[in-house]
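Novice: Provided below for reference: sequence and predicted model.
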Amino acid sequence: MKTIKRILLMAVVLIATAAFTTKSENGYAVGDTVEDFSLKNIDDRMVSLSDYKDAKGFIVVFTCNMCPYSVANEDRIIALDNKYKAKGYPVIAINPNDPAASKGDGFEDMKVRATEKGFTFPYLFDEGQNVYPKFGASKTPHVYIITKNDMKVQYIGAIDNSSRNPDAVTEKYVENAVDALLSGKKIQKTETRAIGCSIKVI
């Protein structure tokens, strides 16, 4: 009985730990310069950050179809794009999961989900999983705010302080950061803890 309890306790600890990101040793940190990428969008066109000639920056969100944390944030991601795209900070969503490891996260599944939810932003497929490790993303969702003039990371972390319940949000990390950038002020919180599902690999 003690052994079973010990195993159950370890499982709970592992699950709880998996929900929180740890700082990547190899990915971008705040202040680092981002390398541009070219990924396929759900309209079958390739998309790069350099395509956005008039952008002031980007809200890059690593997200997916299947993670309940990502699903709980979909409306918030759409709202971010609706609010900030016209101000120069469009959302660029990237699915980093290997569909062989996460059923329902394939490219065709992404098209279906984007249509169902009415995504207003590119939803790119990190085929081969080459982009997310450069960023150091470890969760879905995981947000990186980038300024375009210098391609530097200005913020890394969560969308807000309520990963599952939008009604419980009391601090909007991404909105606060973008608002600060737009007004030429210093971002008060440049890094927060991303909460979500681990990125799926084979």
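Specialist: Yes, it's here.
Novice: list the contacts of the nearest residue to K87 once chain neighbours are set aside.
Specialist: The shortest distance from K87 to any non-neighbouring residue, by CB to CB, 6 or more residues apart in numbering, is to L182 (6.0 Å). Using the backbone N, CA and C atoms, a C-beta is placed for each residue, glycine as well. By CB atoms under 8 Å, 6 or more residues apart in numbering, the residues touching L182 are 56, 87-89.
Novice: can you name the two of the residues you listed that are farthest apart?
Specialist: Greatest spatial distance in the contacts of L182: K56 and K87, 7.5 Å, computed using CB to CB.
Novice: looking at this structure, which helix or strand is least sure?
Specialist: Lowest by mean pLDDT, DSSP states H and E among the helices and strands of the chain is helix 2-18, with a mean of 39.
Novice: next helix or strand past that helix?
Specialist: Sequence-wise, the next helix or strand downstream of helix 2-18 (DSSP states H and E) is strand 39-41.
Novice: partners of that following strand, with directions?
Specialist: Applying DSSP bridges, strand 39-41 is found paired with strand 46-47 (antiparallel), strand 123-125 (antiparallel).
Novice: so which of the ones you listed is the most surrounded?
Specialist: strand 123-125 (a mean of 24; mean count of other CB atoms under 10 Å).
Novice: ok now that strand, how far from the chain's centre?
Specialist: Taking CA atoms, centre = their mean, to the nearest Å, the mean C-alpha location of strand 123-125 is offset from the chain mean by 11 Å.
Novice: check stretch 192-202 too.
Specialist: 9 Å.
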